[in-house]
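In: no FASTA, just this:
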């Protein structure tokens, strides 16, 4: 066989082998983020207060921290219909136990809780979101959130008032409620960034 033909065959085999190697190492596509674990119709708030009108919510966890997000129709810094303040609570269950985050805003400032322990949070006026982040270890009993284990039974509350303990005063009688049957596996990709 002439040398030139051998060279062409070797070059062709290298191209095929290289293409096979590239195909074998092609990275898997990233999993689709989990979004809008809870949705609630806009306009169903008990009053005309759009800052209490829950539209959707999400949760994300890496096993060490949890971030919850409640979205409302229109979050405003000052709310003349709720002069004493506003209250937002996100409840869920993990491994048969209930947990919650709470955000309170009043003319004097803001407060954030993980059950009854202080947490970090933000009222994002521009994006109509209330975000709270807590260390899992700060929850009562110091639970372990295992990767892949399910967070379930989402319930939301918004209302007027500013309770000192994070317990709903009127359970949405002047605000809104929402709930969702979807689940979130700990460590799963989310449209929510961990950290308030």
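Out: Sure thing, it's come through. None of the values given here were measured: they were computed from a predicted structure.

In: contacts, neighbours, all on C-alpha from now
Out: OK.

In: Residue 119 contacts residue 112, correct?
Out: Yes: counting by C-alpha atoms under 8 Å, residue 119 does reach residue 112; the two are 5.1 Å apart.

In: who's in contact with the residue most central in space within the chain?
Out: The centroid of the chain falls nearest to residue 59 when counting by C-alpha atoms, centre = their mean (2.6 Å). Neighbouring residues of residue 59 by C-alpha atoms under 8 Å, 6 or more residues apart in numbering: 37, 66, 67, 68, 69, 184, 190, 192.

In: ok so, going back, between residue 119 and residue 112, which is the more surrounded one?
Out: residue 112 (25 against 19; other C-alpha atoms under 10 Å).

In: I'd assumed the more buried one was in a strand, is it?
Out: Yes: under DSSP: H, G, I helix; E, B strand; the rest coil, residue 112 falls within a strand.

In: This structure: helices as residue ranges?
Out: 3-24 (DSSP state H).

In: Leaving out chain neighbours, which residue sits closest to residue 39?
Out: residue 56 (4.2 Å; C-alpha to C-alpha, 6 or more residues apart in numbering).

In: And for residue 49?
Out: Going by C-alpha to C-alpha, 6+ apart, residue 49 has residue 81 as its nearest residue, at 6.8 Å.

In: Repeat that for residue 100.
Out: residue 91 (4.3 Å).

In: Same question for residue 182.
Out: residue 37 (5.8 Å).

In: Kindly report the same for residue 175.
Out: Using C-alpha to C-alpha, 6+ apart, the nearest residue to residue 175 is residue 159, at 4.1 Å.

In: ok, what's across the strand from the one you found?
Out: With DSSP bridges as the criterion, residue 159 is bridged to residue 87.

In: what sits against the closest residue to residue 54 other than its chain neighbours?
Out: Excluding its sequence neighbours, the residue lying closest to residue 54 (C-alpha to C-alpha, 6+ apart) is residue 72, at 4.3 Å. Contact partners of residue 72, counting by C-alpha under 8 Å, 6+ apart, are 50, 51, 52, 53, 54, 55, 56, 128, 129.

In: Equivalent analysis for residue 88, please.
Out: Residue 88 sits in contact with 70, 102, 103, 104, 130, 156, 157, 158, 159, where contact means C-alpha under 8 Å, 6+ apart.

In: Would you mind measuring from the third one to residue 131?
Out: It stands for residue 103. Distance, residue 103 to residue 131, by C-alpha to C-alpha, to the nearest Å: 8 Å.
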